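Peer 1: with the sequence up front, the predicted model follows.
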Amino acid sequence: MRRSVMHNGFVILCNEDGQILEVVQDTSGLAAVGNKLLSLVGPGSQFKLLDFLAKVKAQGAVFDAEFILTQDERETLLRLQGALYEAKFMITGVLIPGDQTALLQELMSMNSEQTNQLRLALKEKQKSAQPPSSDARLFEELSEINNELVNVQRELAKENAERQKAQAALRAAHDELERRVQARTAELQIANEALTKAMKAKDEFMAAMSHELRTPLASILGLAEVLQYPYYGSLSDKQLKAILNIENSGRRLLELVGEVMDYTQIQSGNTKLHIRLCSLEQICAASLDTVRSQAAAKTQQLEFSVSPSVIQVEADEERLAQILVNLLENAVKFTPPQGSIRLEAVGSVEMGQVQIRVTDTGIGIKAEDFPRLFHPFVQLDARLSRGYEGTGLGLVLVKAFAELHGGSVSVESVFDQGSTFTVTLPWRGA
């Protein structure tokens with residue numbers, strides 16, 4: 001900002017309390033860093049000066065605030081102009097002796113045309129090398145200061161207008177975003193409702209179909225068993241083998257139907273557990289017996305250990321056995337001949353839990369397949385010519401039944417070396 005030479009006045013920077021922070025120019029001898037503007041006026045004008053500072057803060061700029069000073073028993077007019085400048089208050093003060101006050105008031109009350117005429121006259125006077133009068137110099141200084149303050153006010157008004165425009169644009173963008181979010185939320189709600197209805201219809205259909213399949217399967221299995229007795233006459237080896245294939249296929253199909261029904265009940269939230277105190281060792285032994293013939297057919301070695309020897313758990317015995325049978329059947333299925341399968345139960349009173357581990361020396365699981373393990377109807381080998389049968393519900397049911405017992409299931413595996421599935425259940429000790 002260009003500094004003009006004052007006849008008798010000052011330009012300072014102060015804070016909102018009126019404390020002078022910097023003296024830009026002073027020809028009056030009144031301004032000093034650290035002093036307060038209040039010290040320049042009498043007690044009767046201090047409240048008016050505080051009001052002047054408050055208006056500068058609120059409005060950005062204030063012009064022509066007048067105060068009466070008494071110097072050497074003469075009244076002097078102090079005219080202040082104020083504006084906000086770089087987070088500070090820029091205050092311009094001009095001292096006008098009493099005999100010049102009326103003249104200055106007359107000059108400041110001139111209209112723009114009269115002011116322009118006066119300026120032209122002053123310029124002509126300067127061209128003729130005649131020194132300007134003190135009144136003309138004072139008017140010129142006041143005009144320059146006034147112009148600077150007007151420019152500051154215009155810049156502040158422009159910044160304020162731009163700020164308001166930006167705020168309006170921001171509010172409009174916010175309103176548009178809120179409208180879009182509400183519309184998208186409504187669309188998602190409709191989609192979720194439709195999906196819920198579709199899932200419910202699917203579960204009802206699967207439950208109905210599973211129930212309808214069980215009835216004829218039960219008849220087929222019953223007849224296959226009866227035909228093996230000599231009551232209906234003797235059978236050739238080929239006929240007996242065919243009947244056994246029918247029975248085995250029927251039982252496998254019945255197991256698959258049972259898994260589908262269990263899954264639909266879990267999805268609908270209708271699965272109920274019958275919790276009672278039961279022997280974990282007996283459940284493990286019975287589960288091993290279920291898969292023993294399958295393991296023997298592949299000459300696989302079965303191992304079992306439990307520690308401590310007596311572990312009583314609160315569980316649904318049927319569902320817990322189903323968890324172990326599913327894991328053991330998977331281990332037998334994915335372990336090559338001559339491999340080994342180990343079932344281990346370890347209880348920890350300190351941790352309040354029992355861990356049941358099924359470890360095999362099978363084909364293992366690739367790292368990229370881990371996220372898909374517990375998804376329903378997912379086979380890691382999805383080819384039509386895959387070498388392992390199944391619906392992809394076994395591990396899903398294991399996880400669901402473990403969580404219904406307040407437990408969890410985890411897996412560790414190295415591809416082409418084997419896997420360990422661990423079921424963790426709450427346990428309060430033997």
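Peer 2: That came through fine.
Peer 1: how is this protein divided into domains?
Peer 2: As recorded under automatic domain parsing, the domains making up the chain are 9-164, 193-268, 276-426.
Peer 1: out of those, flag the one nearest residue 186.
Peer 2: domain 193-268 (10.8 Å; CB to CB). Placement of C-beta: from N, CA and C, glycine included.
Peer 1: what about the closest one, start to end distance?
Peer 2: Terminal residues of domain 193-268 lie 15 Å apart, using CA to CA, to the nearest Å.
Peer 1: helices or strands next to the longest helix seen in the chain in the packing?
Peer 2: Ordering each helix of the chain by length in residues (DSSP state H) puts helix 134-227 first. On a contact count with 3 or more CB pairs under 8 Å, 6 or more residues apart in numbering; DSSP states H and E, helix 134-227 meets strand 61-71, strand 74-85, strand 88-97, helix 98-108, helix 112-127, helix 237-268.
Peer 1: if we can go back for a sec, need the domains of the chain in CSV (columns: mean pLDDT and mean neighbour count).
Peer 2: Shown next, in CSV, are these (pLDDT from 0 to 100; neighbours: other CB atoms under 10 Å):
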stretch, mean pLDDT, mean neighbour count
domain 9-164, 75, 15
domain 193-268, 80, 14
domain 276-426, 89, 17
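Peer 1: include distance to residue 173 when you put those domains into CSV, please.
Peer 2: Below are the domains of the chain laid out as CSV (distance: least, CB to CB, whole Å):
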stretch, distance to residue 173
domain 9-164, 15
domain 193-268, 30
domain 276-426, 38
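Peer 1: hang on, isn't residue 392 packed against residue 374?
Peer 2: No: assessed by CB atoms under 8 Å, residue 392 is found out of contact with residue 374, at 10.1 Å.
Peer 1: hmm, residue 92 is touching residue 13, no?
Peer 2: No: with contact defined as CB under 8 Å, residue 92 does not count as touching residue 13 (10.7 Å).
Peer 1: now the longest helix of the chain: how far from the chain's centre is it?
Peer 2: Averaged C-alpha coordinates place helix 134-227 at 14 Å from its chain's average position (CA atoms, centre = their mean, to the nearest Å).
Peer 1: likewise stretch 23-39?
Peer 2: Centre-to-centre, stretch 23-39 and its host chain are 55 Å apart (CA atoms, centre = their mean).
Peer 1: what's the answer for stretch 255-263, then?
Peer 2: 39 Å.
Peer 1: residues making contact with it?
Peer 2: Residues from elsewhere that reach stretch 255-263 (CB atoms under 8 Å, 6 or more residues apart in numbering): 206-207, 210-211, 213-214, 217, 271, 322, 376, 391, 393-394, 396-397, 400.
Peer 1: ok, the residue positioned nearest the centre of the chain - contacts?
Peer 2: Centroid check for the chain by CA atoms, centre = their mean gives residue 181 as the closest residue, at 15.7 Å. When the contact criterion is CB under 8 Å, 6+ apart, residue 181 has no partners at all.
Peer 1: what about it, distance to residue 174?
Peer 2: Remark: distance between residue 181 and residue 174 (CB to CB, to the nearest Å) = 10 Å.
Peer 1: over to residue 328?
Peer 2: 59 Å.
Peer 1: what does residue 343 give?
Peer 2: To residue 174, residue 343 is 61 Å away according to CB to CB.
Peer 1: repeat that for residue 191.
Peer 2: 26 Å.
Peer 1: please apply the same query to residue 310.
Peer 2: Residue 310 is 66 Å from residue 174, by CB to CB.
Peer 1: how about residue 298?
Peer 2: Distance of residue 298 to residue 174, computed by CB to CB: 67 Å.
Peer 1: pull the contacting residues for residue 404.
Peer 2: Residue 404 touches 271, 273, 319, counting by CB under 8 Å, 6+ apart.
Peer 1: element containing the closest residue to the last one other than its chain neighbours, please.
Peer 2: Think residue 319. Excluding its sequence neighbours, the residue lying closest to residue 319 (CB to CB, 6 or more residues apart in numbering) is residue 401, at 4.7 Å. Per DSSP states H and E: residue 401 is located in helix 394-404.
Peer 1: what's the first helix or strand after that helix?
Peer 2: Note on helix 394-404: by DSSP H and E, the next helix or strand toward the C-terminus is strand 408-414.
Peer 1: what lines up beside that following strand in the sheet?
Peer 2: Take DSSP bridges as the rule and strand 408-414 pairs in its sheet with strand 418-426 (antiparallel).
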